[in-house]
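J.: Got a sequence here, can you model it:
(2 chains)
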Amino acid sequence: MELLSPGEIVDSFKTALGDGVIDAKIYEREVAVKKNKFRSLWVEVKKSAFRDAVEHICHLQEYPHLAIISSSDLGAEVELIYHFTIYYGYHLEELSLGLRVKLPKSDLRIPTITDIIPGAIFTERETQEMMGVEVVGIPDKRRLFLPEDFPEGVYPWRKDEKGPPDDMLRVLPGREQK
Amino acid sequence: MMQEETKKATYTIPVGPIHPALKEPIRLALTVDGEEIVDADVFVGQVHRGIEWLGMNRNNPVQSIYLAERICGICNISHPFSLVMAVEQAAGITPPPRAEYIRAIIAEMERIHSHLLWAGVAAHEIGFDTVFYLVWRVREEIMDLVEYVTGNRVTKAMFQIGGLRRDITEEQFPRIRQSLDYYKSVFDQLKRVFLDDKTIQMRTRNVGILKKEDALKLLICGPSGRASGVPKDVRQDQPYAAYADLDIKAITPDMVTGTVVGDVYDRIIVRLLEVKQAIEIIEQCLEKMPPGPILAQPKIAVLLKALTQAEGEGIGRAEAPRGEVIHYVRLEAGQSTLATWKVRAPTYVNLMAVPTILKGMQIADVPIIFASLDPCMSCTNRMIITDRALRKKSIMSYEEMHRLSLQKTEKLRR
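T.: Take a look at the predicted model:
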C-alpha cells in the first residue's frame, strides 16, 4: 500500500470532493528526544459531501479505524467530528484524521455510515441519544447508554434548552449549583 | 424427522446486569437453541457517572485530570495520559522530554499489572483457581513497585498538564530493576502454565473466534484485535511520549504459533508477550531517560490562566492495556472548563465483537469468551445524570454460569 503524506491526502480530498471540502488543516508536533512527529489532519466537509468523504477515506486505507464521533454544541449549529485513524500497522506512520461536519440546529440530520463501517453503530447510537442528532438510516435505533425511562427530547450534551433541566441535576451537599 | 420441519424455538436468557465474567455490571441477552448460542445482544449504561458532563460543566481542566483518573480503576494512567496530551495539543504546551519517558514507564507498569490481573481472572473463569492464586501473587510485585514509584497502588495522581507531578530519581532505579528481573525470572513459568497446559488449551483453543476481517469491520482494538491479526498498536503506529524514540512492534499470536486463529488462546498469547514487551520498554526507558525538568509550567495558577485563555482542539491517544484510549478536547477562550470532552475507551468498540464471538458457542463458554476481551465497563460507561437501574430480569446468575463453566472443565479433564 502506498502511504501518502498529509499534504497529498489533503490534495486527494480536494480532487475527490471538489468544493465539498471547506477547510483542511495539518497539525504536527515533535515528540520526546528524537523529535519524531505526531501528525493529525483536520478536514471539514459540507454535509452534502460527507458520505463521499467517508468513502474516500476507505480508499486511503481499506479498513480505516473510526475511533469515535465527538459532538459539540456551538450555539447555532452542532459540530460532529468523526475521528478516524489511517495507516495503522506502519511504524510511526499513523495519522489521526478528524472529519468535521457542521449541522444547523434547524436540520440535525446526518446519514449513517454503518453500511460502510459496521462498527460505527455504537457511536452513532450514542450521538443520537446524547446530542439529539438524527442518524438517517441507522439499522439499530435503540438507545445505547441512557436508560429506558430517561425522558424523550432531553439531550445531555446540548447546551441550549434541550440540555438537561436544572431539576435533573443533583448537586452534592456543600456544593453550589453552577 | 418431524422436528426438522417445525421451526426451531429459541429461548432468550438475560444475563446480568450483574456481570457474567467480571464483577462489573452489563446486561447480555443470549438467544439460545439448547446449549448453543445463536445470537447475543449487549446492553450497557449501568455504571454511567456523568464524567464527561462534569468536565464540560463543573471542573477546570486540572481538576478533570483527577476525574479522568477515576474513569477506570485499572486504566488510571491511560485516561489522564490521553487527557493531558489532548489538552497540551489544544493549548500548545510541550512537556519536557524527561516527563515523556516517565509517562511511558508508568504506563508500561500499568500494562504489566493489568495483564496479570486479567490472566488471573481468565484462569478463575475456567475453574483453574490454583493458577489464579499464582498469577495474583506474582502481580503483587508490580503493585509494590507502582506504590514505590508513584506513592500509591491505584489512583496515582502522577499527571499534570505539561508534565508530571513526581520524578523518578537515580536512587530508585535499582529497586525498579529488581522487580523487572523478578518478572523475567518467572516469565517462562507463566508462559508454560498458560500456553502448554492441556486443560487451558482445551477450554481456549478454537473458542470465541474473531476473524481478522470481522475485527477490522467492527473496529476492534488492543490485544483483542492483535490476537485476530490486526497489527494495530498506538505505541507502534503514532509517535507519543517515549514510545516515539523506541522501536516497538505490535504483538500478534503468529510470533508463537506461526498462525493467527483469533481465538481465546491467541488472546492469552498476545497479553503474555506484552508483559515481556512492557518489561523491555521500561528497561530501555530507564537507560535512555534524559535529564531535565519534569514540568513545563510548575505554577498551577499560571497554567490555569493560560488554559482559560487558550483556544484550540487536540486529540490524545494512548495504548491502554485493553486497547486504544482516545480523548478529544476543545478549549474555548474565556471558558474555564473544557468546552468539549469526548472519551473513547477500548471496551467501547471491543463490546461490538461480543455477538460475533459468542455465536455458535455453549453457555458454559460465555464467562471465558467474554472475559477474553478483557472488558471494562467503567471505562465504557461515563455519561448520565439519573441512576435509576434498569428493571432487573436476570434469571441466570453469575454463580450459576460459573458453576457451568467449572463443570465443563471437569468434564474435559475426565
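J.: so what's residue 75 up against?
T.: As the question left the chain open, I've gone with chain A. Shown in contact with residue A:75 (Cβ atoms under 8 Å, 6 or more residues apart in numbering or on different chains): A:159-160. Just so you know, the C-beta spots here come from the backbone N, C-alpha and C atoms, and that holds for glycine as well.
J.: Please refer instead to chain B.
T.: Residue B:75 makes contact with B:110, B:114, B:320-322, B:325, B:345, B:376, B:379, according to Cβ under 8 Å, 6+ apart.
J.: tell me which of these is nearest to residue B:205?
T.: Nearest to residue B:205 among the contacts of residue B:75, counting by Cβ to Cβ, is residue B:322 at 22.4 Å.
J.: hey, where'd the strands end up in the stretch 1-150 of chain B?
T.: Secondary structure of the stretch 1-150 of chain B (DSSP state E, counting those that start in this stretch): strands at B:11-15, B:27-33, B:36-43.
J.: so can I have JSON lines of those strands showing mean pLDDT and mean neighbour count?
T.: JSON lines is the format used below for those (pLDDT from 0 to 100; neighbours: other Cβ atoms under 10 Å in any protein chain shown):
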{"stretch": "strand B:11-15", "mean pLDDT": "80", "mean neighbour count": "16"}
{"stretch": "strand B:27-33", "mean pLDDT": "84", "mean neighbour count": "18"}
{"stretch": "strand B:36-43", "mean pLDDT": "86", "mean neighbour count": "18"}
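J.: closest one to chain A among the ones you listed?
T.: When the strands of the stretch 1-150 of chain B are ranked by distance to chain A, counting by Cβ to the nearest Cβ, first place goes to strand B:36-43 at 8.8 Å.
J.: Give me the phi and psi for residue A:33.
T.: phi -90, psi -40 (degrees, to the nearest 10).
J.: list the contacts for it?
T.: Contacts of residue A:33 by Cβ under 8 Å, 6+ apart are B:97, B:100, B:245, B:288, B:290.
J.: these two touch, right, the fourth one and residue B:245?
T.: Yes - counting by Cβ atoms under 8 Å, a contact exists between residue B:288 and residue B:245, whose distance comes to 6.7 Å.
J.: Comparing those two, which residue is more hemmed in?
T.: Higher neighbour count among residue B:288 and residue B:245: residue B:245, with 22 against 15, using other Cβ atoms under 10 Å in any protein chain shown.
J.: quick one: the more buried one from residue A:35, how far?
T.: Separation of residue B:245 from residue A:35 (Cβ to Cβ, to the nearest Å): 9 Å.
J.: likewise residue B:290?
T.: According to Cβ to Cβ, residue B:290 stands 12 Å off from residue A:35.
J.: Turn the contacts of residue B:75 into CSV, including secondary structure and pLDDT.
T.: CSV is the format used below for the contacts of residue B:75 (DSSP: H, G, I helix; E, B strand; the rest coil; pLDDT from 0 to 100):
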residue, secondary structure, pLDDT
B:110, helix, 93
B:114, helix, 93
B:320, strand, 93
B:321, coil, 92
B:322, coil, 91
B:325, strand, 93
B:345, coil, 89
B:376, coil, 71
B:379, helix, 59
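J.: ok, which pair from these is furthest apart?
T.: B:110 and B:345 (14.0 Å).
J.: For the strands of the stretch 1-150 of chain B, give me TSV that also has distance to chain A.
T.: As requested, the strands of the stretch 1-150 of chain B are exported to TSV (distance: least, Cβ to the nearest Cβ, whole Å):
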stretch	distance to chain A
strand B:11-15	14
strand B:27-33	11
strand B:36-43	9
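J.: Can you lay out those as a markdown table showing distance to residue B:88?
T.: Listed next are these as a markdown table, based on distance: least, Cβ to Cβ, whole Å:
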| stretch | distance to residue B:88 |
| --- | --- |
| strand B:11-15 | 42 |
| strand B:27-33 | 38 |
| strand B:36-43 | 34 |
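J.: The residue lying closest to residue B:175 once chain neighbours are set aside: what's it in contact with?
T.: Nearest residue to residue B:175, sequence neighbours excluded (Cβ to Cβ, 6 or more residues apart in numbering or on different chains): residue B:148, at 5.9 Å. By Cβ under 8 Å, 6+ apart, the contact set of residue B:148 is B:172, B:175-176.
J.: Got a PyMOL select line for the buried ones in those?
T.: Listed next is the PyMOL selection for buried residues among these, using 16 or more other Cβ atoms under 10 Å in any protein chain shown:
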select buried, chain B and resi 176
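J.: May I see the buried residues of whichever helix or strand residue A:9 is part of?
T.: Residue A:9 is part of helix A:6-17 when elements are defined by DSSP states H and E. The neighbour-count check on helix A:6-17 (16+ other Cβ under 10 Å) flags A:6, A:9-10, A:13, A:16-17 as buried.
J.: which one of those is nearest chain B?
T.: Nearest to chain B out of these is residue A:6 (Cβ to the nearest Cβ; 12.8 Å).
J.: Which single one of the contacts of residue B:75 is nearest to residue B:29?
T.: residue B:376 (20.5 Å).
J.: that older thread, which residue of residue B:110 and residue B:345 possesses the greater neighbour count?
T.: Taking neighbours as other Cβ under 10 Å, residue B:110 and residue B:345 compare with residue B:345 leading, 29 against 22.
J.: For the more buried one, grab phi and psi.
T.: Here residue B:345 shows phi and psi, under degrees, to the nearest 10, equal to phi -90, psi 160.
J.: Compare the contacts of residue B:75 and tell me which has the most neighbours.
T.: residue B:325 (32 neighbours).
J.: Tell me the spacing between that one and residue B:353.
T.: Distance, residue B:325 to residue B:353, using Cβ to Cβ: 18 Å.
J.: go on, residue B:133?
T.: Using Cβ to Cβ, one gets 30 Å for the distance from residue B:133 to residue B:353.
J.: With neighbour numbers in mind, choose between these two.
T.: Remark: of residue B:133 and residue B:353, residue B:353 carries more neighbours, 25 against 13, as counted by other Cβ under 10 Å.
J.: where does the more buried one fall, phi/psi-wise?
T.: According to degrees, to the nearest 10, the main-chain angles of residue B:353 amount to phi -80, psi -10.
J.: And the next helix or strand past the helix holding residue A:9?
T.: Per DSSP H and E, the helix or strand that comes after helix A:6-17 is strand A:21-31.
J.: what residues does that following strand touch?
T.: By Cβ under 8 Å, 6+ apart, strand A:21-31 touches A:6-7, A:10, A:13-14, A:36-46, A:49, A:100, B:89, B:94, B:100, B:239-241, B:244.
J.: Show me those residues that map onto helices.
T.: Under the assignment DSSP state H, the contacts of strand A:21-31 contribute A:6-7, A:10, A:13-14, B:89, B:100 to helices.
J.: Now compare those and name the two farthest from each other.
T.: Taking Cβ to Cβ as the measure, the ones in helices among the contacts of strand A:21-31 have their most distant pair in A:14 and B:100, spaced 35.0 Å apart.
J.: what about the helices in chain A?
T.: Using DSSP H, the helices of chain A run over residues A:6-17, A:50-60, A:121-131.
J.: hmm, the longest one touching chain B?
T.: It refers to helix A:6-17. No - using Cβ under 8 Å from any Cβ of the partner chain, we find that helix A:6-17 stays clear of chain B, coming within 12.8 Å at best.
J.: Return the residues in contact with the residue positioned nearest the centre of chain B.
T.: Nearest to the mean C-alpha position of chain B, by Cα atoms, centre = their mean, lies residue B:322 at 2.6 Å. Contacts for residue B:322 (Cβ under 8 Å, 6+ apart) come out as B:75, B:114, B:222-224, B:345-347, B:350, B:374-376, B:379.
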